[in-house]
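1. Please work out how this folds:
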Amino acid sequence: MMNPIDDDLIETSDQEENIELLVEDEYDKERIDKYLTTLLDDMSRSYIQKLIGEDRVLVDGKAVKSNFRVLSGQSVTLYLPELKEAQIAPEDIQVDILYEDEDIIVINKHKGLVVHPAPGHESGTLVNALLYHCKDNLSDINGLLRPGIVHRIDKDTTGVLVACKNDTAHRFIAEQLKEHSITRRYQAIVYNTFKIEKGRVEATIGRHPKDRKKMAVDVKNGRYAATNYRLIENLGDKYAYVECELETGRTHQIRVHMASINHPIVGDTVYGPDKNPFHLEGQALHAGVLGLIHPRTKEYMEFYAPLPDYFTDLLARLR
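-> Numbering: from 1, shown residues only. Have a look, this model is predicted:
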């Protein structure tokens, strides 16, 4: 059966019953609450401390306190409480609407906005905003936690995202995602200059073998993924401005693929350098173009989101 949600650049946890982590050397002797906040950036420190207080965080099978310091090689397990769907409420959150009709609503998502509720983010999400704006006019294929959501982008990725107002529209667009016929072009600022004008990364993507919050290329059970990139311009001798077009929509695809060819995205401390020289709030990645066949008219439509200020400011600084 077709999965109605594309896993495009997922930004939240997967609603699993538990999360298992293996402490790596760089986190040796780190406080458990700080360690988990660093790795699970979709959960607040206060929420993690709440889980610890409820004995939902175990180290080598034993409950610990928030000030416990982990050691390299230890096993950490979080048992997440079930998120109650009844808690998801409409919220008057301002969103930038690019287009809207009786079938779809197209949003220019701002940086920092989580797409749908998850443990640690039960409110303040795009879904909360859509419930307020669209009321009952959202598809329910993906349940009460994700009404209208047919694809996702990272919390700190900006740009175009489409939501569906009814199940017919949802199924129609989900089928395009499944067939990889939707146009999705992203702009990114990456480390290191290019000697070629365009290229293609074709490498399977799957969960990192040691850190479930990260993805990696060429891992066991990885899924086929392809990204085409085009150089827009080199920025000095250390950075480049590129456009990436998705053929598939795997979790963190552009971030993982670009890092795999030694061009991690600036500001991405998960897949790139630990240091963030420009003090960005997440990666410099923007979903600039989304093209699809409209579910009712069957006409092709393209939607454009202008580059956000932080992105243009960084471009000007690097040129």
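2. and H121, how far is that from L40?
-> Distance of H121 to L40, computed by Cβ to Cβ, to the nearest Å: 11 Å. In this view, the C-beta of every residue, glycine as well, is placed from N, C-alpha and C.
3. again, but for V289
-> The value you get for V289 to L40, if Cβ to Cβ is used, is 31 Å.
4. What of I88?
-> 21 Å.
5. now swap in G53 and tell me
-> 16 Å.
6. just E24 next, same as before
-> Taking Cβ to Cβ, one finds E24 at 14 Å from L40.
7. Can you show me the strands along the stretch 51-200 of the chain?
-> Secondary structure of the stretch 51-200 of the chain, counting by DSSP state E, counting those that start in this stretch: strands at 57-59, 62-63, 75-79, 96-100, 104-109, 158-164, 183-191, 198-202.
8. What count of nearby residues applies to the closest residue to S260 other than its chain neighbours?
-> With sequence-adjacent residues excluded and distances taken as Cβ to Cβ, 6 or more residues apart in numbering, S260 is closest to V217, at 4.7 Å. As a burial measure, V217 scores 18 neighbours (other Cβ atoms under 10 Å).
9. Okay, and V256 sits in which element?
-> Per DSSP states H and E: V256 is located in helix 253-260.
10. Report all helices and strands that that helix contacts.
-> Applying 3 or more Cβ pairs under 8 Å, 6 or more residues apart in numbering; DSSP states H and E, one finds that helix 253-260 contacts strand 183-191, strand 198-202, strand 205-207, strand 215-217, strand 226-235, strand 239-246.
11. So for D309, which of those sits nearest?
-> strand 183-191 (13.8 Å; Cβ to Cβ).
12. which outside residues touch that closest one?
-> Strand 183-191 is contacted by residues 8, 157, 159, 232, 235, 238-246, 249, 254, 258, 262-266, 272-273, 283-292, 302, 307, 311, 314-315, 318 when judged by Cβ atoms under 8 Å, 6 or more residues apart in numbering.
13. Give the buried subset of the residues you listed as a ChimeraX selection command.
-> Selection of buried members from the contacts of strand 183-191 for ChimeraX, criterion 16 or more other Cβ atoms under 10 Å:
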select :8,157,159,232,235,239,240,241,242,243,244,245,246,249,254,258,263,264,265,266,272,283,284,285,286,287,288,289,290,291,292,311,314,315,318
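14. Could you check the pLDDT of the nearest residue to T125 once chain neighbours are set aside?
-> Leaving out its chain neighbours, the residue that sits closest to T125 by Cβ to Cβ, 6+ apart is V114, at 4.6 Å. We note a pLDDT of 90 for V114 in this prediction.
15. And P147, by the same measure?
-> For P147, the predicted pLDDT is 88.
16. Next up, the contacts around it.
-> Applying Cβ under 8 Å, 6+ apart, the residues near P147 are 127, 130-131, 138-140.
17. so which of the residues you listed is the most crowded?
-> Most surrounded of the contacts of P147: other Cβ under 10 Å gives V127, at 27 neighbours.
18. ok, and for stretch 165-184, which residues are buried?
-> Neighbour-count burial for stretch 165-184 [16+ other Cβ under 10 Å]: 165-166, 169-174, 176-177, 182, 184.
19. And the residues you listed, which is closest to R207?
-> Nearest to R207 among these, with distances taken as Cβ to Cβ, is L177, at 20.8 Å.
20. So the closest one sits against H151, correct?
-> Yes - L177 is within contact range of H151, at 5.9 Å (criterion: Cβ atoms under 8 Å).
21. Could you point out which residue ranges in the stretch 101-250 of the chain have low pLDDT?
-> For the stretch 101-250 of the chain, residues meeting the criterion pLDDT under 70 lie at 119-120.
22. The longest helix along the chain to strand 183-191, inter-axis angle?
-> Longest helix in the chain by number of residues (criterion: DSSP state H): helix 167-179. Helix 167-179 runs at 50 degrees relative to strand 183-191, counting by axes from the mean of the first three to the mean of the last three Cα atoms, to 10 degrees.
23. got the CA positions of helix 167-179 in PDB?
-> Provided in PDB are the C-alpha atoms of helix 167-179 (Å, rounded to 0.1, in the frame of the first residue of the first chain):
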ATOM      1  CA  ASP A 167      -8.800  13.300   1.000                       C
ATOM      2  CA  THR A 168      -9.300  13.300  -2.800                       C
ATOM      3  CA  ALA A 169      -6.600  16.000  -3.200                       C
ATOM      4  CA  HIS A 170      -4.400  14.300  -0.600                       C
ATOM      5  CA  ARG A 171      -4.400  11.000  -2.500                       C
ATOM      6  CA  PHE A 172      -3.800  12.700  -5.900                       C
ATOM      7  CA  ILE A 173      -0.800  14.600  -4.600                       C
ATOM      8  CA  ALA A 174       0.500  11.600  -2.600                       C
ATOM      9  CA  GLU A 175       0.500   9.600  -5.900                       C
ATOM     10  CA  GLN A 176       2.700  12.300  -7.500                       C
ATOM     11  CA  LEU A 177       5.100  12.100  -4.600                       C
ATOM     12  CA  LYS A 178       5.200   8.400  -4.900                       C
ATOM     13  CA  GLU A 179       6.000   8.600  -8.700                       C
END
